[in-house]
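In: fold the following for me, if possible:
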Amino acid sequence: MRREAVHSSVIAAIGYDERRQRLEIEFHTRRVYAYSGLPPSVHRELLAAPSIGSHFNRHVRDRYACTRLADA
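Out: Here you go, the predicted structure:
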C-alpha cells in the first residue's frame, strides 16, 4: 500500500485501502501499524484534522484491530 507523507509531529505517513478498509500508519519512529475495519469517513476525518496525531489517538488508536507490520 502506498503511504502519503503528512504534517504531524508523531505520524510520518498514512495509507488507506478503501476496498479492504485498512489504514496503515507510519510513525516517525519508522514503526508501521495496520488498522482494519476502518470506514472511509474515519480516514477522511483523520486527514482533515487540525492535529492528525491527536485525532488518531482519540478516534483510531485502541478502537480498531491493529497489527504491527515490519518497520519502514
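
In: pretty sure F56 sits against I11.
Out: Yes: taking Cβ atoms under 8 Å as the definition, F56 is a contact partner of I11 at 6.4 Å. No exception for glycine: its C-beta is placed from N, CA and C like everyone else's.

In: overlap in contacts, these two.
Out: Shared contacts of F56 and I11 (Cβ atoms under 8 Å, 6 or more residues apart in numbering): I25.

In: which parts of the protein are helices?
Out: Using DSSP state H, the helices of the chain run over 40-48, 52-59.

In: center of this structure - which residue?
Out: Central residue check for the chain by Cα atoms, centre = their mean: the C-alpha nearest the mean position is that of I25, 3.6 Å away.

In: do you know the pLDDT at the closest residue to it other than its chain neighbours?
Out: Spatial nearest neighbour of I25, excluding adjacent residues (Cβ to Cβ, 6 or more residues apart in numbering): Y33 at 5.2 Å. For Y33, the pLDDT comes out at 97.

In: what are the bridge partners for Y33, then?
Out: Here Y33 sits in beta bridges with I25, R68, going by DSSP bridges.

In: count the neighbours of it for me.
Out: A count of nearby residues for Y33, using other Cβ atoms under 10 Å, gives 15.

In: then E24?
Out: Neighbourhood size, E24 [other Cβ under 10 Å]: 19.

In: and it, how far from P50?
Out: Using Cβ to Cβ, to the nearest Å, we find E24 at a distance of 22 Å from P50.

In: picking that back up, winner for burial among the helices of the chain?
Out: When you average the neighbours per residue for each of these (mean count of other Cβ atoms under 10 Å), helix 52-59 leads with a mean of 16.

In: related to what we said a few turns ago, closest one to L69 among the helices of the chain?
Out: Nearest of the helices of the chain to L69, taken as Cβ to Cβ: helix 52-59 at 16.2 Å.

In: mind checking how far that closest one is from the chain centre?
Out: Distance of helix 52-59 from the chain centroid (Cα atoms, centre = their mean, to the nearest Å) equals 9 Å.

In: got it, and stretch 39-54?
Out: Offset of stretch 39-54 from its chain centre (Cα atoms, centre = their mean): 9 Å.
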